[in-house]
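> Quick one: sequence and predicted model below, then my questions.
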Amino acid sequence: MTTPAATYTEEELVYLLKQQSREAFNYLYKNYARVLYGVINKVVYDEQTAQDVLQEVFVKIWNNIGQYDKGKGRIYTWMINIARNAAIDKLRSKGEIMKGKIRTGEETVNNLAQGMKTEQVTDAIGLRKMVAGLKPEYETIVELAYYKGFTMDEISKTLEIPLGTVKTRMRSALQQLREVFKK
Amino acid sequence: MDVKAYIESGILEAYVLGSLTEQDAKEVQVNMLSYPEVAAEVAAIEEAMLQLAHAQAVEPSATMQDKIWNAINASQQNAGNGAIQAPFIPKVIPLEPEYRSQGQWKYAAMIAMLVGSVALNFILWQQGKEEREERVAIGNKIEQLQTKQKQLAAQLDDYQKAKTMMADTGMQTIVMHTMQAGHPMAATIYWSKAKGEAYVAMNALPEPPKGMQYQLWVIQGGKPVSMGVLPNNMANSPAMQKVDMQVNSGEAFAISLEKEGGNPTPTTVYVLGKV
């Protein structure tokens, strides 16, 4: 057996996945499992749950690759959104989000942080260093929207800030993030 | 739309972060198609979120890879024959002939044959399945085409009748106009006085209400003479029908709405046309 080439372009990856071979799976897993698992871990903190979600996500990617539409964006983003949505669904079905909603946003984030395992906290700290300068209120908003599946309306109510402010903070947060990653 | 203000409003960030309602998200997608700047901005935001995801990557436990592969296989078996599979592309195994002895050659040939045979079987099975599906689809298509063809043939028949009549120089066309103010209605009579033949079409008459029917009249010497009731399905269509009775004289034609089966004298005249 030859080993697959080190990297494929996204188009080659889509083609490869449509072949549905073991090799395609190995490549997919090797290159994307870490990032997808990272996303899932930002949403749910229980290890067993996170593993279940990861498995579910790969099965979904595998079976729905035919539905991926190149015109709507990168396959990478498509896969991350599958992971994010699957994890948020799991979170909701477990009722965890309801507990979170009656607390203020900052408390929510702190509480979530308490549920983290040590290495995740370290990771999170590492990231914090990386995105140094990202204001806490920006981080909270990204956290609630992207990783907890809050709608704008819910964020506005949870953080007790107007809808317009939610939007401008999202804009500023992403502007800062883009600045950081540009370097 | 002020694209710059739209981009700066933060709605695109909200879109990528997944916090818009379905309807608002659709609106963003429409704007992405209409404004390349919007699409480019969304792509840039997505890119930043990708990099964030990268920075937060976590290694899953080592046993996960095999576990997930098994789960994928199980899901494929459950999906059964309904799932559409991509065509199988046989793998090419490179051989390095100069280093291989005769025995290895035989062995390699056997493996190649075996792999080839399995692949061929799979391809044939796959093709068979695709052909069966195709046959069903083609069968449905043919049925649809046959129905359509029958409709077209009937229509053509109507047009041909109309054409023959138009070509008859002795044929008069009498357009009957609405008698009900505010209701634009019309019907047409084609009349060959010499032959005493008439045809009627209710091009622009509404379908009659339940229990009612249209009745055709010819006005002879100032008096309406019934020429019979008209089938309801002719209303509001270009369909044309020969009038059953001979019409050798008349000053005008009219259509009225009557109870089913008709009346001896007209009740409500809908359209009227003078010869």
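Done, it's in. Numbering: from 1, shown residues only, chains lettered A, B, ... in the order given.
> Show me what secondary structure element comes after the helix or strand containing residue B:254.
Taking DSSP states H and E as the definition, residue B:254 sits inside strand B:252-259. Next helix or strand after strand B:252-259 toward the C-terminus (DSSP H and E): strand B:268-274.
> Residues contacting that next one, please?
When contacts are defined by C-beta atoms under 8 Å, 6 or more residues apart in numbering or on different chains, strand B:268-274 is touched by residues B:174-180, B:183, B:185-187, B:189, B:205, B:214, B:251-258. For glycine as for every other residue, the C-beta is placed from the backbone atoms N, C-alpha and C.
> can you check stretch A:45-59 too?
Here stretch A:45-59 has contacts from A:25, A:28-29, A:33, A:36-37, A:40-41, A:43-44, A:79, A:82-83, A:86-87, A:90, A:94, A:112, A:115-117, A:120, B:60-61, B:64, B:67-68, B:71-72, B:75, using C-beta under 8 Å, 6+ apart.
> residue ranges for the helices of chain A, please.
For chain A, applying DSSP state H gives helices covering A:10-19, A:22-43, A:47-64, A:75-93, A:96-101, A:105-114, A:118-130, A:136-142, A:148, A:152-159, A:163-182.
> What residues of the third one count as buried?
Taking 16 or more other C-beta atoms under 10 Å in any protein chain shown as the neighbour-count basis, helix A:47-64 is seen to contain the buried residues A:49-62.
> before we move on, what about the last one?
Judged by neighbour count (16+ other C-beta under 10 Å), helix A:163-182 contains these buried residues: A:166-177, A:180-181.
> quick check, the helix or strand hosting residue B:136 touching chain A?
Taking DSSP H and E as the criterion, residue B:136 maps to helix B:102-167. No. Helix B:102-167 is not in contact with chain A by C-beta under 8 Å from any C-beta of the partner chain; minimum separation 12.2 Å.
> chain center to that helix, what's the gap?
Relative to the centre of its chain, helix B:102-167 is centred 21 Å away, using C-alpha atoms, centre = their mean, to the nearest Å.
> Are there helices or strands packed against that helix, and which ones?
If you count contacts as 3 or more C-beta pairs under 8 Å, 6 or more residues apart in numbering or on different chains; DSSP states H and E, helix B:102-167 packs onto strand B:240-242.
> so what's the spatially most central residue of chain A up against?
By C-alpha atoms, centre = their mean, chain A has its centre lying nearest to residue A:39, at 3.4 Å. Residues near residue A:39 by C-beta under 8 Å, 6+ apart: A:80, A:83-84, A:87, A:147, B:53, B:56.
> Distance of it relative to residue B:30?
Noted for residue A:39: a distance of 27 Å to residue B:30, by C-beta to C-beta, to the nearest Å.
> just to revisit the earlier point, which one of the contacts of residue A:39 sits closest to residue B:122?
residue A:83 (32.0 Å; C-beta to C-beta).
> And for the closest one, the neighbour number?
Number of residues near residue A:83 (other C-beta atoms under 10 Å in any protein chain shown) recorded here: 27.
> my read: it touches residue A:41, true?
No. The pair residue A:83 / residue A:41 is not scored as a contact, 10.0 Å apart, by C-beta atoms under 8 Å.
> Of the contacts of stretch A:45-59, keep whichever come out buried.
Of the contacts of stretch A:45-59, these count as buried by 16+ other C-beta under 10 Å: A:25, A:28-29, A:33, A:36-37, A:40-41, A:43-44, A:79, A:82-83, A:86-87, A:90, A:112, A:120, B:60, B:64, B:68, B:71-72, B:75.
> which residues touch the closest residue to residue B:8 other than its chain neighbours?
Leaving aside its sequence neighbours, residue B:8 sits nearest to residue A:171 (C-beta to C-beta, 6 or more residues apart in numbering or on different chains; 6.8 Å). Counting by C-beta under 8 Å, 6+ apart, residue A:171 makes contact with B:8-10, B:13.
> Chain B versus the nearest residue to residue A:13 once chain neighbours are set aside, what's the distance?
Excluding its sequence neighbours, the residue lying closest to residue A:13 (C-beta to C-beta, 6+ apart) is residue A:75, at 6.3 Å. Distance, residue A:75 to chain B, using C-beta to the nearest C-beta, to the nearest Å: 11 Å.
> Count the neighbours of the nearest residue to residue B:195 once chain neighbours are set aside for me.
Nearest residue to residue B:195 in three dimensions, chain neighbours excluded: residue B:170, at 7.0 Å (C-beta to C-beta, 6+ apart). Neighbour count for residue B:170, taken as other C-beta under 10 Å: 11.
> And for the one 4 residues further on?
The criterion is other C-beta under 10 Å. On that basis, residue B:174 has 18 neighbouring residues.
> How about the secondary structure of it?
Of the three states, residue B:174 takes strand under DSSP: H, G, I helix; E, B strand; the rest coil.
> Assess the claim that it and residue B:188 are in contact.
Yes. Assessed by C-beta under 8 Å, residue B:174 is found in contact with residue B:188 at 7.1 Å.
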